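J.: With the input below, show me the fold.
(chains A and B)
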There are 2 protein chains.
Amino acid sequence: MMQALTVGIDVGGTNTAFGIVNRRGEIISKGSISTRAHATVQDFVQALAAALHPHMVAAGTGNIAGIGVGAPNGNYYTGEIAFAPNLPWSGVIPLAKLINSETGLPCTLTNDANAAAIGEMTYGAARGMNDFIVVTLGTGVGSGFVANGKLIYGHDGFAGELGHVIAVRGGRECGCGRRGCLEAYCSATGIVRTATEWLSNRTDESMLRKGTPDARSIHNAAMNGDALALELFDYTARILGETLADTVAVTSPEAIIFFGGLANAGEMLLTPTRKYMEENMLNIFKNKVKLLQSALPDADAAILGASALAW
Amino acid sequence: MMQALTVGIDVGGTNTAFGIVNRRGEIISKGSISTRAHATVQDFVQALAAALHPHMVAAGTGNIAGIGVGAPNGNYYTGEIAFAPNLPWSGVIPLAKLINSETGLPCTLTNDANAAAIGEMTYGAARGMNDFIVVTLGTGVGSGFVANGKLIYGHDGFAGELGHVIAVRGGRECGCGRRGCLEAYCSATGIVRTATEWLSNRTDESMLRKGTPDARSIHNAAMNGDALALELFDYTARILGETLADTVAVTSPEAIIFFGGLANAGEMLLTPTRKYMEENMLNIFKNKVKLLQSALPDADAAILGASALAW
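T.: So this is what the prediction gives:
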């Protein structure tokens, strides 16, 4: 009998969300537990299995093919989370193995951006595509590269770190300890850093001078024609477009799909990004690459991506 | 019956070399014709088939599985050469189809760097590797990316243009019409451009002031301790190492294999390139990626690469 369901788990720094998903990408049941409240990963996995259990029983445990997990710094080959700065457990955590032991179901793990790429390919904007990139613009910048219909994990499982490509050589400091990473400019956090810097260095009027700017308030201000906010999008899009032009030269994707907090600005970000990418691109790649917003429902995308991993 | 042989054809701007190759990567018979002497591609293909014919008869035509062609701007999906600036025929040339019509054998075509990558995977330094990059440092810089054991052609067949990633934003002009491409600095031609610039702008003594420098004379001077030549390798290696550090973050290869005129400098180039790559790399990738010189015999590598395409 073909099993009809999988479990998707999205491990975040604050909460861990899970859902039971059918082959059409519908979440038939979902829940969540706190990540932070569990000081050891053993406690966390026990609490997760306990929370999952009634959902699995209701869906019919025998119908569930397996569990997919998306987690920061998750490694597909080893099933481990390695030194994730935003999780409460330090060192190398064999999360897939622990979940498998606790639930008896096969468990596959990858990082959140790779899970998003598999989700887009299985249920979202990349259905039918063999060559595409998913870029997550959240607290950081993550990415999942698909070529020949398969995710590129690289020889060690850590491929796809577009957020740590140097976008501005010698530029601003990044959380990774180096300078000028794409993530330092083009994440939700990055655009806020730029805003804070400009508000402090410049004197022009802006709606953003009220309160503390975040990706959403910058987007709102830009939608209301605020000149500084519009310039922030243009600046961020220039750096993103330049880096994407170089990225396209390597894997020549059919589309680049954006996801996460800053990507919610939609065409406010994508229109100038497209312009700068095209301006900076080698001739043979011009006017071929689609820049798209994720087609997965925002709140559930991470669960769907992880669940798709289990097929 | 398993066919035991393939034909490899390396189309160059001046000459076109071909060979009949067995499964162990030995060229059992080879020849060449002029590329330039044939004003139309039809003439060229007829001359090529005529030159190949006696070699195929001697090897036993029935033993030949097919023909693989490596050509500048060759597209694997379409079998066409598109607007290759160094070939005498303009526009889009359906070379694979023409060769197939003329010889009756199945013909597969790709660009020279992709052919080199397949050659390294089949017979060379990348045997047993699923994730690696081949970088050709010749007149230009080409590259072939392999992930999950398969060449990345991209959605349009043009992936792998590492030579046209921007290494120095706003830098020197490149033949592609843009500025700062890796190819403008780190090809055999690029290091000569740097040498010419320095010899003109500076007054320090150097062996390179005798005659016109080329990649080989710069290597020889560096081997003899010439300070300017050593500095040329350091400068070129810094730009190459910085770009490779970013490239590793995308596909996380086990090895990067170098090939072509400038790569013949071996460790004179690879030792400082390794240093700069490691210095600029995200922590999780450090001390994992091998930089290797091609293990294919220099003169025959392009034929071997193309021949491997036909298996």
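J.: contacts and neighbour counts: CA atoms only from here.
T.: Fine.
J.: Could you give me the buried positions within the longest helix along chain A?
T.: Criterion DSSP state H: the longest helix present in chain A is helix A:227-251. Neighbour-count burial for helix A:227-251, with 16 or more other C-alpha atoms under 10 Å in any protein chain shown as criterion, is recorded at A:228-230, A:232-251.
J.: packing partners for that helix?
T.: helix A:183-186, helix A:188-201, helix A:215-223, helix A:267-280 (3 or more C-alpha pairs under 8 Å, 6 or more residues apart in numbering or on different chains; DSSP states H and E).
J.: quick check: angle from that helix to helix B:227-251?
T.: 100 degrees (axes from the mean of the first three to the mean of the last three C-alpha atoms, to 10 degrees).
J.: Could you point out the helix or strand that follows helix A:227-251?
T.: As assigned by DSSP states H and E, the chain's next helix or strand after helix A:227-251 is strand A:255-259.
J.: ok now stretch A:147-165, how far from the chain's centre?
T.: Chain-centre distance of stretch A:147-165: 13 Å, with C-alpha atoms, centre = their mean, to the nearest Å.
J.: Tell me which of the helices and strands packed on helix A:227-251 approaches chain B most closely.
T.: Closest to chain B of the helices and strands packed on helix A:227-251 is helix A:267-280 (C-alpha to the nearest C-alpha; 7.9 Å).
J.: can you count the residues close to A:Lys210?
T.: 7 (other C-alpha atoms under 10 Å in any protein chain shown).
J.: no wait, A:Pro54
T.: By the measure other C-alpha under 10 Å, the count of residues near A:Pro54 is 12.
J.: isn't there a strand covering it?
T.: No - checked against DSSP: H, G, I helix; E, B strand; the rest coil, A:Pro54 lies outside a strand; its state is helix.
J.: Would you quantify the distance from it to chain B?
T.: 38 Å (C-alpha to the nearest C-alpha, to the nearest Å).
J.: In contact with that residue, which residues?
T.: For A:Pro54, the contact set (C-alpha atoms under 8 Å, 6 or more residues apart in numbering or on different chains) is empty.
J.: roughly how far apart are it and A:Asn22?
T.: A:Pro54 is 17 Å from A:Asn22, where distance means C-alpha to C-alpha, to the nearest Å.
J.: Show me what the helix or strand encompassing A:Val69 is packed against.
T.: If you go by DSSP H and E, A:Val69 is part of strand A:64-70. Packing partners of strand A:64-70 (3+ C-alpha pairs under 8 Å, 6+ apart): strand A:5-11, strand A:107-110, helix A:112-123, helix A:301-309.
J.: Of the ones you listed, which stretch is the most buried?
T.: helix A:301-309 (a mean of 31; mean count of other C-alpha atoms under 10 Å in any protein chain shown).
J.: ok, and what's touching it?
T.: A:6-10, A:17-21, A:25, A:27, A:67-70, A:108-109, A:112, A:115-120, A:122-123.
J.: which ones are touching the closest residue to chain B within the stretch 1-150 of chain A?
T.: The stretch 1-150 of chain A approaches chain B most closely through A:Asp131 (5.6 Å), counting by C-alpha to the nearest C-alpha. Neighbouring residues of A:Asp131 by C-alpha under 8 Å, 6+ apart: A:145-149, A:251-255, B:154-155.
J.: try A:Pro88
T.: Taking C-alpha under 8 Å, 6+ apart as the test, what A:Pro88 contacts is A:13, A:35-36, A:38-40.
J.: what about 10 Å?
T.: By C-alpha atoms under 10 Å, 6 or more residues apart in numbering or on different chains, the contact list for A:Pro88 reads A:13-14, A:35-41.
J.: same check, this time on A:Gly138
T.: Neighbouring residues of A:Gly138 by C-alpha under 10 Å, 6+ apart: A:183, A:186-190, A:215, A:259-264.
J.: Switch those over to TSV; also include distance to chain B, pLDDT and neighbour count.
T.: Converted to TSV, those look like this (distance: C-alpha to the nearest C-alpha, whole Å; pLDDT from 0 to 100; neighbours: other C-alpha atoms under 10 Å in any protein chain shown):
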residue	distance to chain B	pLDDT	neighbour count
A:Glu183	13	96	29
A:Cys186	16	98	29
A:Ser187	17	96	26
A:Ala188	21	95	25
A:Thr189	19	95	21
A:Gly190	18	97	26
A:Ala215	26	96	20
A:Phe259	18	90	27
A:Gly260	20	88	24
A:Gly261	22	90	19
A:Leu262	21	95	25
A:Ala263	20	95	24
A:Asn264	24	93	20
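J.: Which two among those residues are spaced furthest apart?
T.: A:Glu183 and A:Asn264 (16.5 Å; C-alpha to C-alpha).
J.: So, low pLDDT: which residues of chain A?
T.: A:1-2 (pLDDT under 70).
J.: Got the domain ranges for it?
T.: Domain assignment for chain A by automatic domain parsing gives A:5-118+A:299-309, A:129-294.
J.: So what does A:Arg24 look like in phi/psi?
T.: Phi and psi for A:Arg24, reported as degrees, to the nearest 10, are phi -90, psi 0.
J.: Now it: closest residue in space that isn't a chain neighbour?
T.: A:Tyr123 (7.0 Å; C-alpha to C-alpha, 6 or more residues apart in numbering or on different chains).
J.: ok now do that neighbour, which residues does it touch?
T.: Counting by C-alpha under 10 Å, 6+ apart, A:Tyr123 has contacts A:23-26, A:295-296, A:301, A:304-305, A:308.
J.: With respect to B:Arg274, which of those residues is nearest?
T.: Of all the contacts of A:Tyr123, B:Arg274 sits closest to A:Gly305, with 36.5 Å by C-alpha to C-alpha.
J.: Quick check: the closest residue to that closest one other than its chain neighbours vs A:Ile152, distance?
T.: Among residues not flanking A:Gly305 along the chain, A:Gly119 sits closest, at 3.6 Å (C-alpha to C-alpha, 6+ apart). Using C-alpha to C-alpha, A:Gly119 is found at 15 Å from A:Ile152.
J.: Equivalent analysis for A:Ala167, please.
T.: According to C-alpha to C-alpha, A:Ala167 stands 21 Å off from A:Ile152.
J.: Lovely, talk soon.
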